[in-house]
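Q: predicted model and sequence follow; I will ask about them next.
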Amino acid sequence: MKLKIIVIVGPTAVGKSKIALELAERFDGEIVNADSMQVYRYMDIGTAKPSKEDRRTVRHHLIDIRDPDEDFDAAQFREEASKAIADIVNRGRLPVVAGGTGLYIKALTEGILDAPGPDKELREKLRKEAEDLGLPALYNKLSEVDPESAGRIGPRNTHRIIRALEVFCLTGIPISQYQKEHAFSERPYDTFKIGLTKERETLYKDIDDRIESMVKAGLVDEVRRIIEMGYSPGSKAMKALGYSHICRYLKGEYDLEEAVRLIKRDTRHYAKRQMTWFRRDAGITWYDAHKEELIGHIFSEVGGFVGKA
């Protein structure tokens with residue numbers, strides 16, 4: 001029999017962590033983080049990590065497992081998350097996977113491409129090319145060798161453009177071909193996927209409020225401290241939402257008010273992209289996170305899934 005897991009997805013600031021915590025408490029569960037930035041140490045405020053109190057209440061996995069200058073990708077996530085899930089189930093508890101990184105969720109629940117892993121030397125060469133010639137030059141190169149992937153990725157996603165070019169350079173095969181052949185057909189778990197959503201205006205206000213709270217809580221000092229520890233503003237982790245903006249503020253490129261405005265804007269855009277990604281998954285059961293009876297409905301559905309009243 002496949003292991004049963006609960007997966008909670010949705011855009012940033014929709015309330016995934018709160019629901020995950022309540023579900024874990026109700027059904028003797030433990031939470032597996034599926035947010036690509038919460039895996040990094042020292043990056044607490046800007047990634048909205050669960051509080052120490054919440055982590056004492058319910059055990060969390062895959063938080064603070066990498067330094068900011070270390071790479072972490074979907075393949076590594078799948079490996080680490082699979083180990084955590086097996087451990088949780090072996091102890092008679094329920095795995096509750098929660099996060100907004102759609103690619104990580106897909107890799108865990110549907111498998112991952114049988115494509116070559118990262119090549120640090122080649123990846124660094126492509127990153128330098130993006131810096132020297134500009135990302136559009138790299139995107140144009142991808143459009144020539146793999147127009148299907150280029151159309152799907154778009155011209156602004158540096159990480160995915162580099163990954164697609166990396167696969168082609170290593171194999172001569174477009175990553176889109178790997179994806180077609182794989183078709184993400186693996187289903188290693190019996191999964192109940194919960195999607196949380198809110199009306200756009202409400203979600204955007206919650207995002208703005210969260211950013212304001214992060215700044216008041218010391219986001220600028222957190223970023224400054226990470227840089228003083230020796231971590232480069234150019235590292236993958238420090239290019240995350242909020243962190244990259246504050247790095248540019250600290251360099252004097254714009255004032256704090258403008259940095260906050262840009263963080264809010266870009267986070268709203270990110271939330272929109274998250275919803276576009278998750279809406280493509282027909283296996284997600286959607287719930288309005290703004291409704292008072294939300295948790296009761298979810299408890300009932302999850303109880304039926306895991307066989308607990």
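A: On my side now, so go ahead.
Q: for Ala259, which non-adjacent residue is closest in space?
A: Using Cβ to Cβ, 6 or more residues apart in numbering and skipping the chain neighbours, the partner closest in space to Ala259 is Tyr249 (4.0 Å). All C-beta atoms are positioned from the backbone trio N, CA, C, and that covers glycine.
Q: do the same with Lys236
A: Asp71 (6.3 Å).
Q: in a helix, the one you found, correct?
A: No: using DSSP: H, G, I helix; E, B strand; the rest coil, the secondary structure at Asp71 is coil, not a helix.
Q: report how many residues lie close to it.
A: Neighbour count for Asp71, taken as other Cβ atoms under 10 Å: 12.
Q: secondary structure element holding the closest residue to Tyr42 other than its chain neighbours?
A: Sequence neighbours aside, Ile226 is the residue nearest to Tyr42 in space, at 5.3 Å (criterion: Cβ to Cβ, 6+ apart). Per DSSP states H and E, Ile226 falls inside helix 219-228.
Q: give me the below-cutoff pLDDT ranges for the protein.
A: Across the chain, the ranges flagged by pLDDT under 70 are 113-114, 181-186, 309.
Q: regarding it, what is its longest strand?
A: When the chain is parsed with DSSP state E, its longest strand is strand 189-197.
Q: Ala237 is in contact with the residue nearest to Lys236, correct?
A: No: counting by Cβ atoms under 8 Å, Asp71 does not reach Ala237; the two are 9.0 Å apart.
Q: pull the strand or helix carrying Ile31 out as CSV, backbone CA atoms only.
A: Following DSSP H and E, the helix or strand that holds Ile31 is strand 29-33. What follows is strand 29-33, C-alpha atoms only, in CSV (Å, rounded to 0.1, in the frame of the first residue of the first chain):
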residue,chain,number,x,y,z
GLY,A,29,1.0,14.7,12.2
GLU,A,30,4.4,16.3,11.5
ILE,A,31,5.0,19.0,8.9
VAL,A,32,7.3,18.6,5.9
ASN,A,33,8.3,22.0,4.5
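Q: tell me the buried residues in the helix or strand that it is followed by?
A: Next helix or strand after strand 29-33 toward the C-terminus (DSSP H and E): helix 52-57. Buried residues in helix 52-57, counting neighbours by 16 or more other Cβ atoms under 10 Å, are found at Asp54.
Q: ditto for stretch 19-39
A: Buried positions in stretch 19-39, judged by neighbour count with 16+ other Cβ under 10 Å: 19-24, 27, 29-39.
Q: can you show me the helices along the chain?
A: Here the chain has its helices, by DSSP state H, at 16-26, 52-57, 74-90, 102-110, 120-133, 135-145, 147-153, 158-171, 175-182, 200-217, 219-228, 243-250, 256-279, 294-306.
Q: is it possible to get JSON lines of those helices that adds distance to Met43?
A: Listed next are the helices of the chain as JSON lines, based on distance: least, Cβ to Cβ, whole Å:
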{"stretch": "helix 16-26", "distance to Met43": "16"}
{"stretch": "helix 52-57", "distance to Met43": "15"}
{"stretch": "helix 74-90", "distance to Met43": "16"}
{"stretch": "helix 102-110", "distance to Met43": "17"}
{"stretch": "helix 120-133", "distance to Met43": "20"}
{"stretch": "helix 135-145", "distance to Met43": "24"}
{"stretch": "helix 147-153", "distance to Met43": "25"}
{"stretch": "helix 158-171", "distance to Met43": "17"}
{"stretch": "helix 175-182", "distance to Met43": "28"}
{"stretch": "helix 200-217", "distance to Met43": "11"}
{"stretch": "helix 219-228", "distance to Met43": "7"}
{"stretch": "helix 243-250", "distance to Met43": "7"}
{"stretch": "helix 256-279", "distance to Met43": "14"}
{"stretch": "helix 294-306", "distance to Met43": "29"}
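Q: which one, of these, ends up nearest to Val96?
A: Proximity to Val96 (Cβ to Cβ) singles out helix 16-26 among these, at 5.0 Å.
Q: would you mind writing the CA trace of that closest one as PDB?
A: Taking C-alpha atoms only, helix 16-26 is exported to PDB below (Å, rounded to 0.1, in the frame of the first residue of the first chain):
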ATOM      1  CA  LYS A  16      -0.900  27.400   4.500                       C
ATOM      2  CA  SER A  17       1.300  27.200   7.700                       C
ATOM      3  CA  LYS A  18      -1.700  27.900  10.000                       C
ATOM      4  CA  ILE A  19      -3.800  25.100   8.400                       C
ATOM      5  CA  ALA A  20      -0.900  22.700   8.400                       C
ATOM      6  CA  LEU A  21      -0.300  23.300  12.100                       C
ATOM      7  CA  GLU A  22      -3.900  22.700  12.900                       C
ATOM      8  CA  LEU A  23      -4.100  19.600  10.800                       C
ATOM      9  CA  ALA A  24      -0.900  18.200  12.300                       C
ATOM     10  CA  GLU A  25      -2.200  18.800  15.800                       C
ATOM     11  CA  ARG A  26      -5.600  17.200  15.100                       C
END
